[in-house]
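**Q** coords below, sequence missing:
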């Protein structure tokens, strides 16, 4: 029996794990449902642990606020005087619980000694010792710790600036240890340009780091007056007439890896999930680097819809290859699979294949990199030719599926829905192979996107009955939702059989603007 029971929504498991681990580091005996052993009666064990715990931490998030199970567990803890609420998301706490002070963990850095953990420990100790919380003492402690949090927030921004400038060089090319004044100033300007810092904050940080604020101000003026078109200009595709492309050199990979690191680290250090923020910070520590990479990869695999999932794969591959991590191939193939339109991911993967003596795959990945650049520049014929040439030489099933999907989208763009149907069918079959070999959330998400793309393309090509049969099969085998109400209505009418009335367009397709809507049946 544990002293402390943690109540949370199941979809928040990865976000709650750092909290459970931090409490254990502070000496608390806790129970959460990860403690269940295989074969145990789930409901019975939870009931027993909830009843015996002397304190119940309820983790309020968007998911838990809507969970009947969490509200029920919270209600029992409240009525019995054992409730200790914690807030991971800024949500409206359900009725009946608003009077209880929830410790704000929305900006928690995941550390066991963080100010938020000290406040939580005071509340837990009071519950475990059977005494009231000393409100005055907690208020004084909260004021002192909040002042520390504000100071830490400023120092975190300083560390972020220094980290972008220095960590990338130090991690990717270890012989370079120090960020120069120019490096720091350039990163301050970058944060200023992206709107992450106000001019006043930039000036204060420049002063705190000993930078020349006058030069910073002059450069900031140049940033503010820069033409928007210069920052948003599309990437032009190179001349792709030669049959063999130049594979990335070690110097090119180092430049690509540093670019990937700089692009990713700002977002990861400010990610909503504390475990991601902590892992991003630990990338700079040789003793914790491999564990940090594993954390980022595990999170990206479990949350394929996270906008930063591809960045987690990419930065893990960049840091991993420079430091001989065993997870490099997994990371770089994951990056190219999750974000197949990113030429940087394919270029870095090409370098890794070359290093590991896989020349055909190295050439194929380099060809895909050129192809996606051509597609982004509107050179669809060249892009299609390159992707078709690369596809047979890619050995990874998820990568082949991603390239087949891209070829399907190119065919949709030129209105060839028969060709698109064939490509999406190929991608869907490859996704099924991937799911059979390594089932998981990422595979399920990709299957839904390709199945829906196939249904849409078949419908647009006039093969509506075949589209509906495909949808029905995909629903039975993979619980794929209908892409829209119109397709659902058509299929229920044509098949004269139940088609599950669940409509949800896959996230990958919601982000795609080139996908046309299905046409009506004649």
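**A** The structure has been received and is ready for your questions. Computed from a predicted structure; not experimentally measured. Numbering: from 1, shown residues only.

**Q** setting aside sequence neighbours, what's the nearest residue to residue 97?
**A** Leaving aside its chain neighbours, residue 97 sits nearest to residue 74 (6.1 Å; criterion: CB to CB, 6 or more residues apart in numbering). For the C-beta atoms, the positions are set from N, CA and C on the backbone; glycine is no exception.

**Q** surely that neighbour is within a helix?
**A** Yes - using DSSP: H, G, I helix; E, B strand; the rest coil, the assignment for residue 74 is a helix.

**Q** and it, what is it in contact with?
**A** Going by CB atoms under 8 Å, 6 or more residues apart in numbering, residue 74 touches 7, 56, 58, 83, 85, 94, 97.

**Q** what about it, distance to residue 124?
**A** According to CB to CB, to the nearest Å, residue 74 stands 16 Å off from residue 124.

**Q** kindly report the same for residue 314.
**A** 39 Å.

**Q** settle it for me: which of those two has more neighbours?
**A** Using other CB atoms under 10 Å, the more surrounded residue of residue 314 and residue 124 is residue 314, with 32 against 22.

**Q** from residue 365, how far out is the more buried one?
**A** To residue 365, residue 314 is 14 Å away according to CB to CB.

**Q** residue 387 too?
**A** As judged by CB to CB, residue 387 and residue 365 stand 12 Å apart.

**Q** more neighbours: those two, which one.
**A** Applying other CB under 10 Å to residue 387 and residue 365 shows that residue 365 carries more neighbours, namely 31 against 25.

**Q** quick check, residue 95 in a strand?
**A** No - if the criterion is three-state DSSP, then residue 95 is coil and not within a strand.

**Q** residues near it, how many?
**A** Using other CB under 10 Å: residue 95 sits among 7 other residues.

**Q** what about it, distance to residue 15?
**A** Separation of residue 95 from residue 15 (CB to CB): 24 Å.

**Q** most neighbours among the contacts of residue 74, which one is it?
**A** residue 7 leads the contacts of residue 74 on contacts (other CB under 10 Å) with 28 neighbours.

**Q** could you report the pLDDT at the nearest residue to that residue once chain neighbours are set aside?
**A** Of all residues not flanking residue 7 in the chain, residue 73 sits nearest, at 4.2 Å (CB to CB, 6+ apart). Note on residue 73: pLDDT of 92.

**Q** looking at the protein, which helix or strand does the model trust least?
**A** helix 228-231 (a mean of 30; mean pLDDT, DSSP states H and E).

**Q** so, low pLDDT: which residues of the stretch 151-300 of the chain?
**A** By pLDDT under 70, the low-scoring segments of the stretch 151-300 of the chain are 151-253.

**Q** domain assignment for this protein?
**A** 4-133, 154-221, 399-522 (automatic domain parsing).

**Q** which of these has the lowest mean pLDDT?
**A** Among these, domain 154-221 scores lowest, with a mean of 51.

**Q** the helices in the stretch 251-400 of the chain, which residues?
**A** Counting by DSSP state H, counting those that start in this stretch, one finds helices in the stretch 251-400 of the chain at the ranges 274-282, 289-302, 309-322, 328-338, 343-355, 359-376, 380-390, 397-413.

**Q** reformat those helices as TSV; add distance to residue 486.
**A** Shown next, in TSV, are the helices of the stretch 251-400 of the chain (distance: least, CB to CB, whole Å):
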stretch	distance to residue 486
helix 274-282	38
helix 289-302	33
helix 309-322	30
helix 328-338	29
helix 343-355	35
helix 359-376	28
helix 380-390	28
helix 397-413	17
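
**Q** check these for me and report the most buried one.
**A** Mean neighbours per residue, mean count of other CB atoms under 10 Å, is largest over the helices of the stretch 251-400 of the chain for helix 309-322, with a mean of 27.

**Q** check which helices and strands that one sits against.
**A** Other helices and strands packing on helix 309-322, by 3 or more CB pairs under 8 Å, 6 or more residues apart in numbering; DSSP states H and E, are helix 168-172, helix 250-269, helix 289-302, helix 328-338, helix 343-355.

**Q** looking at those helices, which is closest to residue 398?
**A** Residue 398 sits nearest to helix 328-338 of all the helices and strands packed on helix 309-322, at 4.3 Å, using CB to CB.

**Q** what's the angle between that closest one and helix 309-322?
**A** Calculated by axes from the mean of the first three to the mean of the last three CA atoms, to 10 degrees, helix 328-338 forms an angle of 150 degrees with helix 309-322.

**Q** what angle do the particular helix or strand that has residue 456 in it and helix 328-338 make?
**A** Residue 456 is part of helix 441-460, with elements assigned from DSSP states H and E. Using the same axes, to 10 degrees, the inter-axis angle of helix 441-460 relative to helix 328-338 is 30 degrees.

**Q** tell me which residues of helix 441-460 are tucked away?
**A** If you call a residue buried by 16 or more other CB atoms under 10 Å, then helix 441-460 has these buried ones: 442-443, 445-460.

**Q** could you do stretch 101-114 as well?
**A** 102-105, 107-112, 114.

**Q** can you show me the helices along the stretch 401-522 of the chain?
**A** Under DSSP H, counting those that start in this stretch, the stretch 401-522 of the chain gives helices at 417-437, 441-460, 464-478, 485-495, 507-510.

**Q** save the ones you listed as a markdown table, and put in distance to residue 65 too.
**A** Output for the helices of the stretch 401-522 of the chain, formatted as a markdown table (distance: least, CB to CB, whole Å):
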| stretch | distance to residue 65 |
| --- | --- |
| helix 417-437 | 32 |
| helix 441-460 | 22 |
| helix 464-478 | 30 |
| helix 485-495 | 29 |
| helix 507-510 | 22 |
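
**Q** pick the most buried one from those.
**A** Neighbour counts (mean count of other CB under 10 Å) averaged over each of these peak at helix 441-460, with a mean of 24.

**Q** that one packs against which elements?
**A** Identification of packing neighbours for helix 441-460 by 3+ CB pairs under 8 Å, 6+ apart yields helix 289-302, helix 397-413, helix 417-437, helix 464-478, helix 485-495, helix 507-510.

**Q** repeat that for 10 Å
**A** If contacts are counted by 3 or more CB pairs under 10 Å, 6 or more residues apart in numbering; DSSP states H and E, helix 441-460 sits against helix 289-302, helix 328-338, helix 397-413, helix 417-437, helix 464-478, helix 485-495, helix 507-510.
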